[in-house]
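here's my sequence, what's the structure:
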Amino acid sequence: MSEDLKLKIKDWWNNYPFTYFVKEEIGSWAFFRNVDRKILKWMHWAQSGYPLLSNLIDYKTLKGKKILDIACGTGWSTEQFARADADVSAIDITSKAAELTKKRFEIYGLKGNILVADAENLPFPDNNFDYILAWGCLMHTPNTQKAIDEIYRTLKRGGKFGAMMYNKNSFHWRYFIYFGKGILKLKLFKYSKQQLSNRYTDGAEIGGNVLTKFYSRNEIEKLFCKFSNLKIEIYDNYDILDHFPH
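As a prediction, this is how the structure comes out:
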């Protein structure tokens with residue numbers, strides 16, 4: 001069942017790649033730069049400018065290091081590693097995302113190893129990477145624990161990782177999805193809690209996606225229990241109250 005579900009997930013993201021609602025022609029210079037502008041606008045807490053995610057990642061320490069970017073999408077995060085002169089590899093479960101990341105690298109003359117691969121079965125040896133990033137993907141794979149175990153396996157001892165996952169104890173899940181959609185709009189008569197998450201997160205404007213999971217802090221600690229020095233932080237956008245009252 002997990003593999004059948006994964007095929008559905010792969011097909012969905014291949015057909016509906018997350019392009020941050022950018023209107024320009026997909027794969028053009030303007031498209032990639034406007035994706036970056038959306039990152040700067042929507043995730044202001046992650047950076048004050050370029051490089052993207054610079055409030056979370058110390059790029060100066062990654063020069064010449066082996067990096068893995070899991071679920072590269074449009075390549076915006078992968079580009080930052082390449083520009084930091086890291087030895088970067090990137091994977092995505094969809095051929096569309098790998099194609100977009102390769103196109104981005106081609107436009108900007110960057111070098112990287114970009115593959116179609118599954119986060120639950122990484123095609124890399126043990127103790128291989130100095131840093132691994134898994135941004136916004138672990139909550140979309142059927143066996144999240146297996147993907148995290150693969151990060152642990154391929155990360156060098158003493159290496160670091162970063163991951164972004166959705167917070168269950170958030171205004172967005174508790175009020176907007178569960179209370180607002182599930183209770184006020186009576187969607188719990190039609191959907192389970194998991195189905196509500198699928199329906200009203202990524203792809204909500206087209207009926208939702210195949211699988212989206214939310215996690216509490218305690219659940220995150222259990223998933224990443226093999227790692228030492230685990231640091232969990234919660235971030236949100238200034239415009240979260242724009243969700244009122246719907």
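
looking at this protein, which strand is longest?
strand 155-164 (DSSP state E).

in its sheet, what does the very next helix or strand once past that strand sit against?
Sequence-wise, the next helix or strand downstream of strand 155-164 (DSSP states H and E) is strand 166-167. Paired neighbours of strand 166-167 in the sheet (DSSP bridges): strand 214-215 (parallel).

please point out which parts of stretch 94-113 sit buried.
Within stretch 94-113, the residues that qualify as buried are 94, 96-105, 107, 110, 112, counting by 16 or more other Cβ atoms under 10 Å. Any C-beta I mention is one placed from the backbone N, CA and C, and that applies to glycine too.

this structure: helices as residue ranges?
Ranges of helices within the chain are 2-15, 29-42, 76-83, 95-108, 144-154, 171, 193-199, 217-223, based on DSSP state H.

ranking these by mean pLDDT, which is last?
Lowest mean pLDDT within these: helix 171, at a mean of 85.

going by neighbour count, list what's buried in stretch 35-47.
Buried residues in stretch 35-47, counted by 16+ other Cβ under 10 Å: Val35, Asp36, Ile39, Met43, Ala46, Gln47.

go on, stretch 173-184?
Trp173, Tyr175, Phe176, Ile177, Tyr178, Gly180, Lys181, Gly182.

relative to Ile70, how far out is Asn121?
Going from Asn121 to Ile70 by Cβ to Cβ, to the nearest Å gives 12 Å.

the two - which one has more neighbours?
Ranked by neighbour count (other Cβ atoms under 10 Å), Asn121 and Ile70 place Ile70 first, with 28 against 10.

my guess is the more buried one meets Tyr131, correct?
No. Counting by Cβ atoms under 8 Å, Ile70 stays clear of Tyr131, with 11.3 Å between them.

let me know the distance separating the nearest residue to Asn121 once chain neighbours are set aside from Thr19.
Using Cβ to Cβ, 6 or more residues apart in numbering and skipping residues adjacent in sequence, the residue nearest Asn121 is Glu150, 7.0 Å away. Distance, Glu150 to Thr19, by Cβ to Cβ: 27 Å.
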